[in-house]
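Enquirer: sequence unknown, structure follows:
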Ligand code: NAD
Ligand code: MG
């Protein structure tokens, strides 16, 4: 029986993690959850389990929950996320699932590594902004960090038992997002509703927009570089519209191992939760008779400028990645609030990254300060 500590329980990844736990009550025990804006959803989840801890947005929400769940410790804010990430430090089989969205996931990841906890990471922003810190800490601690992101989970599966030294390339597949069949001219007129309509996956709003701009794929290249200790020039994105091959590893003998499955996040989540065991899960089998064809196209960097920008920010290193993420978080929020157009997202992020003078190897405190500064600046300019 493994204890699960779940950050971001009310989101898309969080709810799918809970589904797996509820299907397998002999294997997993949900101990603690966090939520932010969806208090009713959080109460609904909490009433189905006997939890040790619930972390909420602020003290006001905490006071509401304290009246309902008198046996559970209720915590709030950033400190609450920390308490959840480091609860029961002696629990060696405990697993922290980080399903938060945004850079808020970085600090609790660091805190969990410091208590040697195993982490299943959906929150890719952690590696985008703080990959260098995470890599360094993982070398000093016993904590293991496994990816839930489907592409990285696929690479992890394909690498199983292989020597990293024999890897030639990682090939990361991309669906192309909601607007993959539109020209740049046509992108001028797209709406929020169009952008939220992903062709293959049902996910949280931010990652759905990030998929349409391909910022998501750019983030995933950075995520892969840190997870698998590989140079950026050996990671290749490729458009694969069916999302059946979730990514591939090419070895130095030119053999390629691909991982294929239905596009269903419950598979990578379940693989990571049960690792190193495989179990029959909730995902349906593939039917090649129905699929018939798989397509691949090279990525057009002019069509998707944020993809190239992510590579540039990674290569320039240091604080550029924090700026890339902060500008993108705010630009996506402004777009979700209908305050800017779809193409404004790109312009805001490109300007912020190009105007920033890089600080090499930033500390956690420096990253947090830069994040705040960039977000405040952009909000000030556009929030009218
Ligand atoms: P979501 O928006 O559905 O859920 C996010 C969760 O984080 C919610 O529980 C929300 O309450 C919480 N949260 C939001 N802002 C917060 C804040 N400031 N402080 C504390 N908690 C906060 O997002 P999601 O789609 O589940 O994605 C979660 C992460 O997983 C993201 O980093 C995303 O890129 C990654 N990911 C998601 C999918 C997917 O299929 N949804 C696939 C791959 C990777
Ligand atoms: Mg992904």
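Expert: Sure thing, it's come through. Worth saying up front: this structure is predicted, and the values here are computed from it rather than measured. Ligands and ions are numbered 1, 2, ... in the order given.

Enquirer: list the contacts for residue 299?
Expert: Residue 299 makes contacts with 174, 214, 217, 237-239, 307, as judged by Cβ atoms under 8 Å, 6 or more residues apart in numbering. The way it works is simple: take the backbone N, C-alpha and C, and place the C-beta from them, glycine included.

Enquirer: cutoff 10 Å now
Expert: 172, 174, 176, 214, 217, 236-239, 307-308 (Cβ atoms under 10 Å, 6 or more residues apart in numbering).

Enquirer: need those in TSV (columns: secondary structure, distance to ligand 1 and pLDDT).
Expert: As requested, these are exported to TSV (DSSP: H, G, I helix; E, B strand; the rest coil; distance: Cβ to the nearest ligand atom, whole Å; pLDDT from 0 to 100):
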residue	secondary structure	distance to ligand 1	pLDDT
172	strand	12	98
174	strand	12	98
176	coil	16	94
214	coil	13	98
217	helix	11	98
236	strand	19	98
237	strand	15	98
238	strand	18	98
239	strand	17	98
307	helix	16	98
308	helix	20	98
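
Enquirer: out of those residues, who's near ligand 2?
Expert: Residues of these in contact with ligand 2 (Cβ under 5 Å from the ion): none.

Enquirer: of the residues you listed, which is the nearest to residue 331?
Expert: Among those, residue 214 lies closest to residue 331 (Cβ to Cβ), at 13.8 Å.

Enquirer: thought residue 302 was touching the closest one, still the case?
Expert: No - Residue 214 is beyond contact range of residue 302, at 11.7 Å (criterion: Cβ atoms under 10 Å).

Enquirer: what touches both of those two?
Expert: Common neighbours of residue 214 and residue 302 (Cβ under 10 Å, 6+ apart) are residue 308.

Enquirer: close to ligand 2: what parts of this structure are there?
Expert: Counting by Cβ under 5 Å from the ion, the positions of the chain adjacent to ligand 2 are 149-151.

Enquirer: return the members of these classed as buried.
Expert: 149-151 (16 or more other Cβ atoms under 10 Å).

Enquirer: which ones among the residues you listed lie within strands?
Expert: Assigned to strands by DSSP state E, none of these qualify.

Enquirer: just the closest residue of the protein to ligand 1, please.
Expert: Closest residue of the chain to ligand 1, Cβ to the nearest ligand atom: residue 11 (1.9 Å).

Enquirer: give the contact list for that residue.
Expert: If you count contacts by Cβ under 10 Å, 6+ apart, then residue 11 has 17, 34-36, 38, 41, 99-101, 122-123, 203-207 around it.

Enquirer: one more pass at 7 Å, please.
Expert: 99, 101, 204 (Cβ atoms under 7 Å, 6 or more residues apart in numbering).
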